[in-house]
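Student: coords please:
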Amino acid sequence: MTEVVIVDNPDAAGALVAAHILDLIRAKPATTLGLATGSTPLALYRSLAAQLPSGGVDVSLVRGFALDEYVGLLPGHPESYSSVIGREVVGPLGLTPELISVPDGSLAGIRTAGDHYENAIIAAGGIDLQILGIGSDGHIGFNEPGSSLASLTRVKTLTQQTRRDNARFFASEADVPLHCITQGLGTILRARHLVLLAFGNGKAEALAGAVEGPVSSSNPGSAIQLHPHVTVLADEAAASHLANRDYYRFAWANKPEWQGI
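Tutor: Predicted coordinates:
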């Protein structure tokens with residue numbers, strides 16, 4: 001069963017996961033993280049930046065692989081995920097820029113960009129901890145409903161809902177790219193530990209389907225049920241549709257401390 005931790009707010013989730021990541025880096029300085037973008041993981045990145053100065057952790061060897069990138073944005077566009085990762089993760093955490101990878105969304109090499117990204121992840125030894133959010137339609141990464149559970153990094157067409165959801169980062173919905181390149185569900189499932197964050201009422205239905213519903217390509221987030229080590233952190237609003245939320249609270253309150261998350 002997926003472990004579900006119900007927290008008071010995003011900051012509490014961020015602090016908990018940040019402490020775990022720092023422990024992971026202490027044990028393995030060359031840890032490889034899977035990096036999500038959007039508003040959901042920001043509390044985690046803020047907490048990591050706040051805990052690092054007193055944590056005695058050297059992050060210079062940490063590698064990172066972003067989940068996805070828009071296709072066709074000009075280099076340096078402020079809303080490209082390459083720019084976002086640099087601005088919200090690499091800079092604040094002091095990571096080594098050369099060790100952080102983002103899928104290549106440029107049109108010139110888009111036909112082979114997915115294969116190149118898969119090979120880069122394999123060459124790095126795989127991802128130790130993959131950070132995930134979930135969309136209101138259940139997508140993780142940019143794996144929209146209908147995505148194969150075995151899919152690898154490839155180009156996808158974004159749904160109208162996803163483009164509407166992401167329009168807040170652009171001047172208008174029309175400016176949101178139609179295509180993206182994203183790690184596939186099969187790629188995500190190869191990570192050693194999945195950490196999915198969900199906050200707010202708008203994620204409640206999708207999260208319940210992902211954690212407790214049937215495993216189906218119609219709800220891409222449900223693929224997490226196929227993984228042996230998944231931690232979901234949700235606030236009360238996002239957890240409100242979970243049928244087993246009382247059990248999740250009980251299990252977390254009585255979990256042996258040495259197990260961590």
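
Student: quick one: end-to-end distance for stretch 67-74.
Tutor: 19 Å (CA to CA, to the nearest Å).

Student: go on, stretch 236-254?
Tutor: 19 Å.

Student: hmm, who's touching that stretch?
Tutor: The contact list for stretch 236-254 (CB atoms under 8 Å, 6 or more residues apart in numbering) reads 3-6, 8, 198-201, 203-205, 207-208, 211-212, 234. Where C-beta positions appear, they are placed from N, C-alpha and C, glycine not excepted.

Student: mind listing what residue 138 touches?
Tutor: 145, 206, 209, 210, 218, 219, 220, 221, 222 are the contacts of residue 138 under CB under 8 Å, 6+ apart.

Student: please report phi then psi for the fourth one.
Tutor: Put plainly, it is residue 210. Torsion angles at residue 210 (phi, psi; degrees, to the nearest 10) stand at phi -70, psi -40.

Student: try the fifth one
Tutor: Comment: the main-chain dihedrals of residue 218 come out as phi -70, psi -20, following degrees, to the nearest 10.

Student: gap between it and residue 156?
Tutor: 15 Å (CB to CB, to the nearest Å).

Student: over to the second one?
Tutor: Distance from residue 206 to residue 156, counting by CB to CB: 18 Å.

Student: one more: the last one?
Tutor: Computed with CB to CB, the distance linking residue 222 and residue 156 is 18 Å.

Student: coming back round to it: restricted to buried residues, select the contacts of stretch 236-254 in ChimeraX.
Tutor: Selecting only the buried entries of those in ChimeraX, with 16 or more other CB atoms under 10 Å as the criterion:
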select :3,4,5,6,198,199,203,204,205,207,208,211,212,234
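
Student: narrow the contacts of stretch 236-254 to those in helices?
Tutor: Applying DSSP state H to the contacts of stretch 236-254, the entries found in helices are 204, 205, 207, 208, 211, 212.

Student: residue contacts, the first one?
Tutor: By CB under 8 Å, 6+ apart, residue 204 lies in contact with 237, 238, 239, 240, 241.

Student: in the stretch 101-250 of the chain, which spans are helices?
Tutor: 110-123, 160-166, 185-189, 204-212, 245-253 (DSSP state H, counting those that start in this stretch).

Student: let me see the ranges of the strands in this protein.
Tutor: Taking DSSP state E as the test, the strands found in the chain are 3-7, 32-35, 63-66, 68-70, 100-101, 129-132, 154-157, 179-182, 194-198, 230-235.

Student: ok, which of those comes nearest residue 120?
Tutor: strand 100-101 (5.8 Å; CB to CB).

Student: and the closest one, what does it pack onto?
Tutor: On a contact count with 3 or more CB pairs under 8 Å, 6 or more residues apart in numbering; DSSP states H and E, strand 100-101 meets strand 63-66.

Student: what's the local residue count around residue 75?
Tutor: 9 (other CB atoms under 10 Å).

Student: surely it touches residue 106?
Tutor: Yes. At 7.3 Å, residue 75 counts as touching residue 106 under the criterion of CB atoms under 8 Å.

Student: need the single longest helix in the chain, by residues.
Tutor: Max-length helix for the chain by DSSP H is helix 10-27.

Student: beta partners for the most centrally placed residue in the chain?
Tutor: With distances taken as CA atoms, centre = their mean, residue 132 lies nearest the centre of the chain, 2.2 Å away. When assigned by DSSP bridges, residue 132 has beta-bridge partners residue 196.

Student: any stretches of the stretch 1-150 of the chain with poor pLDDT?
Tutor: Across the stretch 1-150 of the chain, nothing is flagged by pLDDT under 70.

Student: tabulate the contacts of residue 204 (JSON lines), appending neighbour count.
Tutor: Below are the contacts of residue 204 laid out as JSON lines (neighbours: other CB atoms under 10 Å):
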{"residue": "237", "neighbour count": "15"}
{"residue": "238", "neighbour count": "28"}
{"residue": "239", "neighbour count": "25"}
{"residue": "240", "neighbour count": "16"}
{"residue": "241", "neighbour count": "17"}
